[in-house]
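Undergrad: What shape does this take:
(one chain, ligands or ions: 3)
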Amino acid sequence: MKLNHARFLNRLETLAQFGASGVFKGVVRPAYSEPDLAARDWIAQEMEQIGLEVQFDPVGNLFGLTEGQSILLGSHTDSQPQGGWLDGALGVIGALEIAQASMEAGGPPISVVNFQDEEGRFGVTTGSAIWSGVLPLEQADRIVDARGESFAQARSKLGTRAQGWVDPARFSAFLEMHIEQGPVLDQRELGIGVVSNIVGIRDMRVQIDGEQNHAGTTPMSMRKDAFQALASFAVTLNAKIASYVTHETVWTIGHVDLVPNAASVVPGTVTFSMQWRDASLARLDQIQDCIFDTLQMVCAEHGVTFSCSEPLGIVPTQMDQSVQTALQHAAQELTPSLWIDMPSGALHDAANVAKLMPTGMLFVPSIGGLSHTFTEHTDPKDLFRGLDVLAAGVTRLWRRNSFPSHIA
Ligand code: GLV
Ligand code: MN
Ligand code: MN
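TA: Ligands and ions are numbered 1, 2, ... in the order given. Next up, the predicted model:
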């Protein structure tokens, strides 16, 4: 197939206009926001123009379908509250270009997907988790975001767009191209990462309740200060976890809501996100136990109480060997000595879709290892190289050079 790099870059630039932050090429396009839905409507139009059949499912995952059995390519176009122009967008726009080029060339048959809420406004990779059966829809509908809106309320904004579920059986494999979002490829001056596995994640919301009181008159010995308890929890947890984790284990308190958040008030309540990631399921469990033990200890010391939401999560996931082989051969052919196999420390829709079909991922470098920030960027020549390798890998798969035998 003949890829059109200019068309691909032009579409990426157009998508970046939806929810443009005004800072570098950053975007503000959280799931189900106005710019998110407008971007999806634009992508639906592009799909239709290419000749794909458009279908939004009940949670807003957007499919561009080709007839019969096909390979599914894609990612997501929702963003973090402050996101970059490529996170997810690259995989969707790359998929559109390959679908269009393959149609012009008469094959292979490619369908495109744009998953909803990969960035976890309502949990973790919500749209693909529901489609893959990892998260029951009834459970997802009850999840509320940090501002108290439920998933059920948010997805009702789809209005008449929402149609039925797309049958996963029509797809033979799923491939997702993504920026690395970390420093490895950039530091080693490499162009392509073939993903071997995606780490597991757990994520929950914690609330610490103390006693709200006057910041001038309440003696230190009488305080039940929710913020001080959180600060102490964070420091104690760091010391405890650091003793048994690997250099790839990460844990983050990324969202904090202090009540009433006023200079002259001893804070009575704090709610915060607690997230941890690791490639080992056993270590994810170990960290979870450590978090609960530490909360118990610290809250007792501070005279406060705590409660936690049910941890949501994705288990560590291996990428399909046949898909990896196809991508490795394509990378070796097009960019010898510029590619490596590597794990993904970021989470991706591919981790869910791997439950349904052979799945693989391809990374291109992130300049400075920056992502989930407006300044995220990748040199267009690396974007083009990723597109070329993905298309070559897909073509190899379709020719069954390395296709798993159980696939039709
Ligand atoms: C997805 O963006 C993640 O948080 O890894
Ligand atoms: Mn992403
Ligand atoms: Mn992301």
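Undergrad: which residues does the nearest residue to residue 133 once chain neighbours are set aside contact?
TA: Excluding the flanking residues, the one nearest residue 133 by Cβ to Cβ, 6 or more residues apart in numbering is residue 355, at 6.7 Å. Bear in mind the C-beta positions are built from the backbone N, C-alpha and C, glycine included. Residues in contact with residue 355 (Cβ atoms under 8 Å, 6 or more residues apart in numbering) are 132, 133, 134.
Undergrad: distance between the lowest-mean-pLDDT helix or strand in the chain and the chain's centre?
TA: Across the helices and strands of the chain, the lowest-confidence element by mean pLDDT, DSSP states H and E is strand 312-314, at a mean of 93. Computed by Cα atoms, centre = their mean, to the nearest Å, the chain-centroid distance of strand 312-314 equals 12 Å.
Undergrad: Could you point out the helix or strand that follows it?
TA: strand 317-318 (DSSP states H and E).
Undergrad: Give me the residues contacting that following strand.
TA: So strand 317-318 is contacted by 196, 197, 198, 200, 350, 351, 354 (Cβ under 8 Å, 6+ apart).
Undergrad: Out of those residues, which two sit at the greatest distance?
TA: Greatest spatial distance in the contacts of strand 317-318: 196 and 200, 14.2 Å, computed using Cβ to Cβ.
Undergrad: Settle it for me: which of these two has more neighbours?
TA: Set residue 196 next to residue 200 and count neighbours by other Cβ atoms under 10 Å: residue 200 wins out with 20 against 17.
Undergrad: The more buried one touches residue 312, doesn't it?
TA: No: shown here, residue 200 and residue 312 do not form a contact pair, counting by Cβ atoms under 8 Å, at 11.6 Å.
Undergrad: follow-up on the earlier one: can you give the strand pairings for the least confident helix or strand of the chain, parallel or anti for each?
TA: strand 200-209 (antiparallel) (DSSP bridges).
Undergrad: name the element residue 165 belongs to?
TA: Using DSSP H and E, no helix or strand contains residue 165.
Undergrad: give the contact list for the nearest residue to it once chain neighbours are set aside.
TA: Excluding its sequence neighbours, the residue lying closest to residue 165 (Cβ to Cβ, 6+ apart) is residue 57, at 5.2 Å. Applying Cβ under 8 Å, 6+ apart, we find residue 57 in contact with 63, 131, 162, 163, 164, 165, 166.
Undergrad: List, out of those, those positioned next to ligand 2.
TA: Among the contacts of residue 57, none lies close to ligand 2 by the criterion of Cβ under 5 Å from the ion.
Undergrad: Would you map the strands across the stretch 301-408 of the chain?
TA: 305-308, 312-314, 317-318, 339-344, 359-364 (DSSP state E, counting those that start in this stretch).
Undergrad: and those, which one is worst for confidence?
TA: The minimum mean pLDDT among the strands of the stretch 301-408 of the chain belongs to strand 312-314 (a mean of 93).
Undergrad: what about residue 271, distance to ligand 2?
TA: Residue 271 sits at a distance of 25 Å from ligand 2 (criterion: Cβ to the ion, to the nearest Å).
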